[in-house]
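*Asks:* Below are the sequence and a predicted model for it; my questions follow.
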Amino acid sequence: MDSTTETELSIPDDVWVALVAAVCTVGLSLVIRFVLGQSTSLLVRLVPIFPYFVYLFVKKNADSGPLSSLWTWVALIVVVTLGVLGFVAL
């Protein structure tokens, strides 16, 4: 292997969406428990994972358009997480 050429490992979009969903899920659980001091059901804390499952099924059929973009799904997961956080905070 030549040390002068850089090899770049690209991370697939599926991994990025899964990473965002995981970080949002853990962050939501921690904020609800330790910042807001509330106890919620497991289903509420796992809501950020649901858009990822939708992504897995929709991405295969979306060749072009907004549903084929990585950033659309990342934004959707973040907005859903913030929505759940706002709902729990009320």
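*Replies:* All right, it came through fine.

*Asks:* buried sites along the helix or strand in which residue 82 is found?
*Replies:* Assigning secondary structure by DSSP states H and E places residue 82 in helix 70-89. Neighbour counts over helix 70-89 (16 or more other Cβ atoms under 10 Å) mark 73, 74, 76, 77, 78, 80, 81, 84, 85 as buried. Bear in mind the C-beta positions are built from the backbone N, C-alpha and C, glycine included.

*Asks:* List just the nearest of the residues you listed to residue 57.
*Replies:* residue 73 (11.9 Å; Cβ to Cβ).

*Asks:* Residue 32 and residue 90, how far apart?
*Replies:* 13 Å (Cβ to Cβ, to the nearest Å).

*Asks:* and these two? which has more neighbours close in?
*Replies:* More crowded of residue 32 and residue 90, by other Cβ atoms under 10 Å: residue 32, with 19 against 5.
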